[in-house]
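[1] Dropping a prediction and its sequence here:
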Amino acid sequence: MIDTIKKRTIGFLAAAIIAIISQFLTAIIPNIGGATIAILIGIVLGNTVLKQPVLSAGTKFAEKRLLEYSVMLLGLTITFQTIIQLHWSGLLFIIIQMAITIIAAIMIGKWLHFGEGIYLCMAGGNAVCGSSAIASIKPVINASDEDAGMSITLVNLMGTVMMLALPVIGTMVFGHVDMLRGALIGGTVQSVGQVIASATMVNQTTVQFATLFKIMRIIMLVVVVTVFARIHAKNEKLANAEKEVEGEVKKGKIDFLPWYVLWFLIFCILNSFFHLPAFIGNTAHLLSSWCEIIALAAIGLRLNLKAFLKAGKRFAIYSVSVGVIQTIVALILIKLLIHA
């Protein structure tokens, strides 16, 4: 335990210091925001002077755990009255958006002659929640470590591009309607951290809406894993594939409802049905914000800019094509289905 803490300390402190610097810099350039500054500083330093392996354990912990804590704490700032604002059209948007993303990723993957391991991991990672979805999908389709690792790299890199671009695109298309901008970001950007980072570049209300749309996608993970297991069974003609899925669930290898989403829902219920003191919501918001900023600094430190180039032209075409289709489809569906 003590050794683990020691290994994580240096990397965590590096991310925390960048986060503090970023918050100070917002006083000078307030239009950019601490989240954007933190991830940009992290990317620059992580690809130049802070590339040491000793930082890895701490930045990995900050990226993963702090974002989970941040989502969990957001439950104390959101009520069911906010969720109801999404209406049935919000759920329909997510279902159609995910379905089209999965179909597009599979079709493009086959067209580019990728194997099942790559195109199913790419489909799930882009449609649901990035690396977490790929980790859940990998065992039920028997994907190799290489396929899963490459998919995670491509999904995260494209997610970073979308994370930075969608706040601008959303504002250009939808103006200052936070619900629609939140739908665009929460319905398309890959990982939870990237969703929060992207929405934070707009404002806190957009963060709330984007988080709600994102959580809808995460809850749909159980459906995606089950469907992909059936696709794998068909491709490999394995009659016992469904039993393998059940076994993996029992072993705890597949996490259909992440713990932080469960606590988000619990806190949201408490906040909706009980009159919680204002300082609880304010404190949760403050802690959630700091968790976000530190985690985003860690994401920047861990991002390898050379990885995308090393992936090759075929991988680049695949990743960009899926990302472009996701964005275009989301813009059309939001226009058609969601009315703020």
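    Looks like it arrived, so ask away. Because the structure is predicted, anything quoted here is derived from the model rather than measured.

[2] Can you mark which positions in stretch 195-210 are buried?
    For stretch 195-210, a neighbour-count test (16 or more other C-beta atoms under 10 Å) marks 195-202, 206-210 as buried. The way it works is simple: take the backbone N, C-alpha and C, and place the C-beta from them, glycine included.

[3] quick check, nearest of these to residue 227?
    For the buried residues of stretch 195-210, the closest approach to residue 227 (C-beta to C-beta) belongs to residue 195, at 22.7 Å.

[4] and the next element down the chain from the helix or strand hosting the closest one?
    With the criterion set as DSSP states H and E, the secondary-structure element containing residue 195 is helix 192-200. Beyond helix 192-200 in the direction of the C-terminus, DSSP H and E gives the next helix or strand as helix 204-219.

[5] Just to check, residue 34 is in contact with residue 18?
    No. Assessed by C-beta atoms under 8 Å, residue 34 is found out of contact with residue 18, at 10.2 Å.

[6] got the angle between the helix holding residue 195 and helix 204-219?
    150 degrees (axes from the mean of the first three to the mean of the last three C-alpha atoms, to 10 degrees).

[7] Check what contacts helix 192-200 and list those residues.
    Residues from elsewhere that reach helix 192-200 (C-beta atoms under 8 Å, 6 or more residues apart in numbering): 33-36, 39, 63, 67-68, 70-71, 129-130, 132, 156, 159-160, 162-164, 166-167, 181-182, 185-186, 189, 206-207, 209-211, 214, 218, 292, 295-296, 299.

[8] please redo it, this time with the cut-off set to 6 Å
    Taking contacts as C-beta atoms under 6 Å, 6 or more residues apart in numbering, the residues outside helix 192-200 that touch it are 35, 67, 71, 159, 163, 166-167, 185-186, 189, 206-207, 210, 214, 292, 295-296, 299.

[9] quick one, helices of the stretch 101-250 of the chain?
    Assignment of helices within the stretch 101-250 of the chain using DSSP state H, counting those that start in this stretch yields the ranges 116-124, 131-141, 145-174, 178-188, 192-200, 204-219, 221-236, 241-250.

[10] Turn those into TSV, including mean pLDDT.
    Output for those, formatted as TSV (pLDDT from 0 to 100):
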stretch	mean pLDDT
helix 116-124	90
helix 131-141	77
helix 145-174	84
helix 178-188	92
helix 192-200	80
helix 204-219	84
helix 221-236	80
helix 241-250	54
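
[11] Present those as JSON lines; the columns should include distance to residue 284.
    Output for the helices of the stretch 101-250 of the chain, formatted as JSON lines (distance: least, C-beta to C-beta, whole Å):
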{"stretch": "helix 116-124", "distance to residue 284": "31"}
{"stretch": "helix 131-141", "distance to residue 284": "23"}
{"stretch": "helix 145-174", "distance to residue 284": "24"}
{"stretch": "helix 178-188", "distance to residue 284": "19"}
{"stretch": "helix 192-200", "distance to residue 284": "14"}
{"stretch": "helix 204-219", "distance to residue 284": "12"}
{"stretch": "helix 221-236", "distance to residue 284": "25"}
{"stretch": "helix 241-250", "distance to residue 284": "32"}
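
[12] between these, which one is nearest to residue 94?
    Between residue 94 and the helices of the stretch 101-250 of the chain, the tightest spacing by C-beta to C-beta is seen for helix 204-219, at 4.5 Å.

[13] Specify the angle between that closest one and helix 221-236 in degrees.
    Here helix 204-219 runs at an angle of 40 degrees relative to helix 221-236 (the same axes, to 10 degrees).

[14] Out of the helices of the stretch 101-250 of the chain, flag the one nearest residue 325.
    Each of the helices of the stretch 101-250 of the chain was scored for nearness to residue 325 using C-beta to C-beta, and the closest is helix 178-188 (10.0 Å).

[15] Check which helices and strands the closest one sits against.
    Other helices and strands packing on helix 178-188, by 3 or more C-beta pairs under 6 Å, 6 or more residues apart in numbering; DSSP states H and E, are helix 145-174, helix 192-200, helix 204-219, helix 313-337.
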